[in-house]
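Chemist: Take a look and give me a structure for this.
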Amino acid sequence: MAVTNFVFIKSTDFSKLEKQAAEVRAIDGVSHVFYGPKIEDPQVSVLVAVWSSAPNQKALASAVSDATETRTVDLDDLKALQAPATECLTCFGIESHFVKNVQDFSAKMDAGKPRGYHGGVVGKVKEQLDGKGDAVMLLIGWDSKEIHEEVKSTPGNVIIENIHLLRDGHKGLDMFHVNFKQL
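Modeler: Numbering: from 1, shown residues only. As a prediction, this is how the structure comes out:
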């Protein structure tokens, strides 16, 4: 499992984001960096730092001093982040059984292999999100956001057949897509 930080930055300056990504990649212990703006809200960018050793949160905070939020999870696979498009779902205020529901949903997606699907990974968020309680993240890799939307709207698809697993057991959610670049 790799400790992974999702850092959110309110900015449309992509060249600044690229510089921040390069600075984070140069931090000792960082094995991968992914970055890009949210497709649904290009005013917010996401920078992902994957650590091969103990995270140096102080160096990360220094490199991305304009971060508005950070979410830390343990991930055992990066294929969703390496896909052309990544769906990022965070459910917060979760009940004790909900992480298992998300893992079951991800396993059903793996078994069903819908068109354009690259794989998924689940990680429990380590910090409390602004008083929203415990949280879990589900990352799903797709060929594109459009393919995800098409698959979702196809009758009898694996998403619709298993979405009940994600409907109950949390107080709210945040979902977006990013076409991550990787360093």
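Chemist: Return the distance of stretch 149-168 from the chain's centre.
Modeler: Centroid separation for stretch 149-168 versus its chain: 19 Å, with Cα atoms, centre = their mean, to the nearest Å.
Chemist: N5 touches A59, doesn't it?
Modeler: No: assessed by Cβ atoms under 8 Å, N5 is found out of contact with A59, at 11.2 Å. Every residue, glycine included, has its C-beta placed from N, CA and C.
Chemist: In terms of neighbours, single out the busier of those two.
Modeler: With neighbours defined as other Cβ atoms under 10 Å, N5 and A59 compare such that N5 has more, 23 against 17.
Chemist: That one and R167, how far apart?
Modeler: Distance check for N5 against R167: by Cβ to Cβ, to the nearest Å, it reads 28 Å.
Chemist: Where do the strands of the chain begin and end?
Modeler: For the chain, the strands defined by DSSP state E cover 2-10, 30-37, 44-51, 67-75, 85-92, 117-125, 135-142, 172-178, 181-182.
Chemist: Identify the bridge partners of the nearest residue to F176 once chain neighbours are set aside.
Modeler: Spatial nearest neighbour of F176, chain neighbours left out: K38 (4.4 Å); criterion: Cβ to Cβ, 6 or more residues apart in numbering. Per DSSP bridges, the residues bridged to K38 are V178.
Chemist: what about K38, how many neighbours?
Modeler: Neighbour tally, K38, other Cβ under 10 Å: 16.
Chemist: Where do the domain boundaries of the protein fall?
Modeler: Domain segmentation of the chain under automatic domain parsing yields 2-75, 79-182.
Chemist: Please give me every residue in contact with V44.
Modeler: Residues near V44 by Cβ atoms under 8 Å, 6 or more residues apart in numbering: 8-11, 37-38, 68.
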